[in-house]
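Engineer: Requesting a structural model of the entry that follows:
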Amino acid sequence: MPQASSPIGVFDSGVGGLSVLRALLAAMPHERFVYLADSANAPYGERGDAFVAARTHAITEYLREQHHIKALVVACNTATAAAIHEVRSSHPELPLVGLEPAIKPALAVTKTGHVGVIGTRGTLTSAKFGKLMASLADQAHFVVQPCDGLAHAIERSVALPVTDQGSPVHATETGALCARYVQAMGSFGTAPGQMDTLVLGCTHYIFVAHELRALVGPGVQFIETGEPVARQTRRLLETAGLQAAPDGAVVTDAPRTRLLTTGPVAMLQAAAERWLGLPADCCETVSVP
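Structural biologist: So this is what the prediction gives:
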């Protein structure tokens, strides 16, 4: 059985879930984490539900058997939509946190009543997302935009030099894709009829916040899921009595954070260094059949 000193498992189809891990590390400094990027099979957002569900089950089993995780954060909107209910049914004793686009928090902050939502096609066409939108449709005007290829482009960008923030948005692949999708959505701003809130419905997208900000302007609020997920994870651990002791007494000498990938380790190492400030030696390649 998991102990309070056991790690929290976090997984995504690639490196985008590092944005959620970043929030978890900040919210729970005494916990240990093992993160798995299924990069060999990314991006999930352009796969079918059956494939994504099968990978979600396999990775859950792997993290439980090999790393004895005490809780699991499914840091992927697409995997949550495709498989969270099945995983919860198969592992009822495991504290489990999934992701969904932060529509409700967006409703709480919009002043114009016009909200943009960007995400992968897999997330935005899922039955789970459809039910969420149907339940809130009369509360605001939503513009929903699938961003095909953007998550994959963000993954590729971690191997490239950091772009000068003074460069034109269109100068990079990620910037050009952001521009294409933002322009397709309509008008952003704080005037009546404009979208004053943008939901980042994929964990990768916070890593192109600079490009998105340049396109939508300073008055638009970005809503992402890292901090709410961290708060919910902490609540579940408290309820289950599985929090690591605040004084660190139950934390072993093992590294606080281990990063695993089913794909090339260089991509994960570059992302960990760029986005989390973690050293390359905390990353390794693993096989999850």
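
Engineer: Run through the stretch 51-200 of the chain and note the low-pLDDT ranges.
Structural biologist: The stretch 51-200 of the chain contains residues with pLDDT under 70 at 162-167.

Engineer: Run through the strands of it in chain order.
Structural biologist: Under the criterion DSSP state E, counting those that start in this stretch, the stretch 51-200 of the chain contains strands at 71-74, 96-97, 114-119, 141-146, 197-200.

Engineer: could you say what helices and strands the last one packs with?
Structural biologist: With contacts defined as 3 or more C-beta pairs under 8 Å, 6 or more residues apart in numbering; DSSP states H and E, the packing partners of strand 197-200 are helix 103-109, strand 114-119, helix 209-216, strand 221-223. The C-beta positions use only the backbone N, C-alpha and C, and glycine is treated the same way.

Engineer: ok, 7 Å please
Structural biologist: helix 103-109, strand 114-119, strand 221-223 (3 or more C-beta pairs under 7 Å, 6 or more residues apart in numbering; DSSP states H and E).

Engineer: returning to that earlier point: compare the strands of the stretch 51-200 of the chain and give me the one nearest residue 215.
Structural biologist: Among those, strand 197-200 comes nearest to residue 215, with 9.7 Å by C-beta to C-beta.

Engineer: CA-only coordinates of the closest one in PDB, if you can.
Structural biologist: The C-alpha trace of strand 197-200 is given here as PDB (Å, rounded to 0.1, in the frame of the first residue of the first chain):
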ATOM      1  CA  THR A 197     -11.000  35.800 -21.500                       C
ATOM      2  CA  LEU A 198      -9.100  33.000 -23.100                       C
ATOM      3  CA  VAL A 199      -9.100  29.400 -21.700                       C
ATOM      4  CA  LEU A 200      -5.900  27.500 -22.400                       C
END
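
Engineer: who's in contact with it?
Structural biologist: 101-103, 106, 109-110, 115-118, 206, 212, 216, 220-224 (C-beta atoms under 7 Å, 6 or more residues apart in numbering).

Engineer: Show me which of the residues you listed are buried.
Structural biologist: 101-103, 106, 110, 115-118, 206, 212, 216, 220-224 (16 or more other C-beta atoms under 10 Å).

Engineer: CSV please, covering the helices and strands packed on strand 197-200 and showing distance to residue 87.
Structural biologist: Formatted as CSV, those follow (distance: least, C-beta to C-beta, whole Å):
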stretch, distance to residue 87
helix 103-109, 22
strand 114-119, 20
strand 221-223, 25
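
Engineer: closest one to residue 244 among these?
Structural biologist: With C-beta to C-beta as the measure, helix 103-109 is the member of these nearest residue 244 (27.8 Å).

Engineer: Who are the packing partners of the closest one?
Structural biologist: By 3+ C-beta pairs under 7 Å, 6+ apart, helix 103-109 packs against helix 127-136, strand 197-200, strand 221-223.

Engineer: For the first one, what is the distance to the chain centroid?
Structural biologist: In other words, helix 127-136. Mean C-alpha position of helix 127-136 versus that of the full chain (C-alpha atoms, centre = their mean, to the nearest Å) differs by 19 Å.

Engineer: The last one too?
Structural biologist: On the basis of C-alpha atoms, centre = their mean, strand 221-223 is displaced by 15 Å from the centre of the chain it belongs to.

Engineer: Can you point out the buried residues in the following helix or strand past that strand?
Structural biologist: Remark: after strand 221-223, the chain's next helix or strand is helix 226-240, criterion DSSP states H and E. Under the neighbour-count criterion of 16+ other C-beta under 10 Å, helix 226-240 has 226, 227, 228, 229, 230, 233, 234, 236, 237 buried.

Engineer: hmm, back to that, can you redo the strands of the stretch 51-200 of the chain as JSON lines with distance to residue 25?
Structural biologist: Putting the strands of the stretch 51-200 of the chain into JSON lines (distance: least, C-beta to C-beta, whole Å) gives the following:
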{"stretch": "strand 71-74", "distance to residue 25": "12"}
{"stretch": "strand 96-97", "distance to residue 25": "15"}
{"stretch": "strand 114-119", "distance to residue 25": "24"}
{"stretch": "strand 141-146", "distance to residue 25": "30"}
{"stretch": "strand 197-200", "distance to residue 25": "19"}
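
Engineer: Among the ones you listed, which comes closest to residue 278?
Structural biologist: strand 71-74 (17.3 Å).

Engineer: So which elements touch that closest one?
Structural biologist: strand 8-12, helix 49-67, strand 96-97, helix 226-240.
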